[in-house]
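K.L.:
how does the following fold in three dimensions:
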Amino acid sequence: MTDSSHEEVIIVDDDIYVQRGLKRLLASCGFSTRIFGSAKEFFESQAPLPTVGCLVLDIEMPGMNGLELQDRLQQRKISLPVIFITGHGTISRSVQAMQRGAVDFFEKPVDSQVLIEAIRQALARSRQQHADMQECLGLQQRFDSLSSRERDVLRLVLKGLLNKQIAAQLGIVEQTVKAHRARVMEKMQANSLAELVRMTEMLRLAPCSAPIVPPLG
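P.N.:
Numbers count the residues shown, from 1 in each chain. Model (predicted):
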């Protein structure tokens, strides 16, 4: 579940002094925070995750460590950006974290301003991810509104076929193809073919696999 009411920084660290220090620091910069003492506590929480937010994770924690928590988040399709802080930093661990998509990796004690800047970047990334997701959901709804025939025409348009080629391939007249194309543009709210292509790239539509019919006449 997600909560769109505010942005939030989630801290997962078993060191109570680190928890208190981070909470004070982030509160002084206007960030809303939530704190968990372990990965287990985080996953057992019934509170909804924020729509826009990030996680500040310790690497070494009892039970599930930070990297394992990061893996579990990805398995559950939770895309909140992650920042690691640790008192046991190694090059191999930092490489693992970054390869798995972490925003940054810091050794304790971390410079306050450096951490705040990393959190701001993580929240900016989260905002963009949320905006992209909302746009994609809107595009999917528009695509779902297309009729089966309109989808056929769309996929053939994306392959670069002319109206008369599409008509020949689908066994309909060219005027009908033009009408379908117009409805596709209207329903998808596209102002140009280039914009329609961009929309469909976002949705990763597979092009029609039927062979291209050569121009008639």
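K.L.:
CA atoms only: put the helix or strand hosting Arg198 into CSV for me.
P.N.:
Using DSSP states H and E, Arg198 falls within helix 193-203. Below are the C-alpha coordinates for helix 193-203, written out as CSV (Å, rounded to 0.1, in the frame of the first residue of the first chain):
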residue,chain,number,x,y,z
LEU,A,193,2.6,10.5,-35.1
ALA,A,194,5.8,11.2,-33.2
GLU,A,195,3.9,11.7,-30.0
LEU,A,196,2.0,8.5,-30.6
VAL,A,197,5.3,6.7,-31.1
ARG,A,198,6.6,8.0,-27.8
MET,A,199,3.5,7.0,-26.0
THR,A,200,3.7,3.4,-27.4
GLU,A,201,7.4,3.2,-26.6
MET,A,202,6.5,3.9,-23.0
LEU,A,203,4.0,1.1,-23.0
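K.L.:
which residues are contacting stretch 10-28?
P.N.:
Applying CB atoms under 8 Å, 6 or more residues apart in numbering, the contact partners of stretch 10-28 are 9, 33-39, 41-42, 49-50, 53-58, 61-62, 66, 69, 80, 85, 108, 112, 115-116, 119. Just so you know, the C-beta spots here come from the backbone N, C-alpha and C atoms, and that holds for glycine as well.
K.L.:
which neighbouring elements make contact with the helix ranked longest in the chain?
P.N.:
Criterion DSSP state H: the longest helix present in the chain is helix 112-144. The contact analysis (3 or more CB pairs under 8 Å, 6 or more residues apart in numbering; DSSP states H and E) places helix 112-144 against strand 2-12, helix 16-28, strand 49-58, strand 82-86, strand 104-107, helix 174-188, helix 193-203.
K.L.:
which other helices and strands contact the last one?
P.N.:
In terms of contact count using 3+ CB pairs under 8 Å, 6+ apart, helix 193-203 is assigned the packing partners helix 112-144, helix 148-158, helix 174-188.
K.L.:
with the longest one instead?
P.N.:
Other helices and strands packing on helix 174-188, by 3+ CB pairs under 8 Å, 6+ apart, are helix 112-144, helix 148-158, helix 163-170, helix 193-203.
K.L.:
quick one, that helix and helix 112-144 angle?
P.N.:
Orientation of helix 174-188 against helix 112-144 (axes from the mean of the first three to the mean of the last three CA atoms, to 10 degrees) gives an angle of 150 degrees.
K.L.:
quick one: buried residues of helix 174-188?
P.N.:
Neighbour-count burial for helix 174-188, counted by 16 or more other CB atoms under 10 Å, picks out Val177, His180, Arg181, Arg183, Val184, Met185, Lys187, Met188.
K.L.:
then the fifth one?
P.N.:
Buried residues in strand 104-107, counted by 16+ other CB under 10 Å: Asp104, Phe105, Phe106.
K.L.:
what pLDDT does Phe105 get?
P.N.:
At Phe105, the predicted lDDT confidence score is 86.
K.L.:
actually, Glu201.
P.N.:
On the pLDDT scale, Glu201 gets 86.
K.L.:
before I go, just wanted to say thanks for your time.
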